[in-house]
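**Q** next comes the sequence, and after it the predicted model I'd like to discuss.
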Amino acid sequence: MGHLDHATFGWLTPALSYVMACTGAALGLRCTVRALGATGRSRRNWLLTAASAIGTGIWTMHFVAMLGFGVGGTDIHYDVPLTVLSLVVAMIVVSAGVFAVGYGRGRTRALLLGGLTTGLGVASMHYLGMAAMRLHGRVSYDPPLVGLSVLIAVVAATAALWAALNIKSPVAVTVASLVMGAAVSSMHYTGMFAVSVHVTPSGAALPGASAMQFIFPLAVGLGSYLFLTSAFVALSPATGEREASASAQRTAESVAR
């Protein structure tokens, strides 16, 4: 059995992956808060931004953490189409959950349905990403730990959507995003601790791309998207601020007349 190292670069990849998860969660929460205060096309656009932020944050968290994953006795490559599919799955299921909350009439029902859908999607993304690994050996999983990781994903997703519905202040959103980042990271490492690898030494070339060839540049690109979008949202006026500005402008115009 190959020795598994979940932090080949020390605390760098776990810490950086946690930052990615928190950033995606914070941005997603802020966008959902904006969406719930908007209507029409504006609400849809804010919900799409929230879903892309949360999905990107979760996916980036997973694969940044995977940069630090190593197995003694074999290199690791990744199947490119399957890895990209895991990103698409993350985006689609998070969108389904966020839109269920954003447009759902029954809040409790929408929250439970959205949390279940999103949580199962996050777990699917994780295990699709694991299925994309190519190495010299056979990967197996401990079923109870896999089940626990799926449960953590569903609970974390439901808590995230609840926070999006009930938390409004920036300080509360920050605290909630830190908790959500910890929950997503816990799901990831619970799933990783379920893994065991039976290495079969071989000199044959592995198919796919190495983490540094493919995962690292994609993670950097998506991480840049998160931080740039965060800056845009932070500088974009909220609904109340726009209404106050419009009211002040109307008042100034009436005084001028």
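**A** Sure, I can see it.
**Q** pull the contacting residues for Ala164.
**A** Gly28, Leu29, Thr32, Val33, Leu36, Ala50, Val98, Val101 (C-beta atoms under 8 Å, 6 or more residues apart in numbering). All C-beta atoms are positioned from the backbone trio N, CA, C, and that covers glycine.
**Q** quick one: pLDDT of it?
**A** Listed pLDDT for Ala164 reads 74.
**Q** so Ala38 lies in a strand, does it not?
**A** No - the assignment for Ala38 (DSSP: H, G, I helix; E, B strand; the rest coil) gives coil, which keeps it out of a strand.
**Q** I'd assumed Trp46 was in contact with it.
**A** Yes - judged on C-beta atoms under 8 Å, Ala38 makes contact with Trp46 at a distance of 5.9 Å.
**Q** these two: which has the busier surroundings?
**A** The residue with more neighbours, out of Ala38 and Trp46, is Trp46; 24 against 18, by other C-beta atoms under 10 Å.
**Q** run a quick neighbour tally on the nearest residue to that one once chain neighbours are set aside.
**A** Nearest residue to Trp46, sequence neighbours excluded (C-beta to C-beta, 6 or more residues apart in numbering): Ala35, at 3.5 Å. When neighbours are defined as other C-beta under 10 Å, Ala35 has 26 of them.
**Q** tell me the predicted confidence for Ala35.
**A** Ala35 is given a pLDDT of 85.
**Q** from what I see, it and Arg43 are in contact.
**A** Yes - with contacts counted by C-beta under 8 Å, Ala35 reaches Arg43, the gap being 4.9 Å.
**Q** what touches both of the two?
**A** With C-beta under 8 Å, 6+ apart, Ala35 and Arg43 have common neighbours Gly102.
**Q** quickly find the element holding the residue nearest the centre of the chain.
**A** A centroid search over the chain (C-alpha atoms, centre = their mean) returns Ile58, at 1.9 Å, as the residue closest to the centre. Assigned by DSSP states H and E, Ile58 belongs to helix 40-67.
**Q** buried residues, that helix. List them.
**A** Of the residues in helix 40-67, 43, 46-67 count as buried by neighbour count, 16 or more other C-beta atoms under 10 Å.
**Q** report all helices and strands that it contacts.
**A** Applying 3 or more C-beta pairs under 8 Å, 6 or more residues apart in numbering; DSSP states H and E, one finds that helix 40-67 contacts helix 12-36, helix 80-103, helix 107-131, helix 170-193, helix 216-235.
**Q** mind giving me the packing neighbours of the next helix or strand after it?
**A** The element immediately downstream of helix 40-67 (helix or strand, assigned by DSSP H and E) is strand 70-71. Strand 70-71 sits against strand 4-5, with contacts defined as 3+ C-beta pairs under 8 Å, 6+ apart.
**Q** contact partners of the strand it packs on?
**A** Contacts for strand 4-5 (C-beta under 8 Å, 6+ apart): Gly68, Phe69, Gly70, Val71, Gly72, Met192, Val195, Ser196, Val197.
**Q** go again with 6 Å.
**A** Surrounding strand 4-5, the residues in contact under the criterion C-beta atoms under 6 Å, 6 or more residues apart in numbering are Gly70, Val71.
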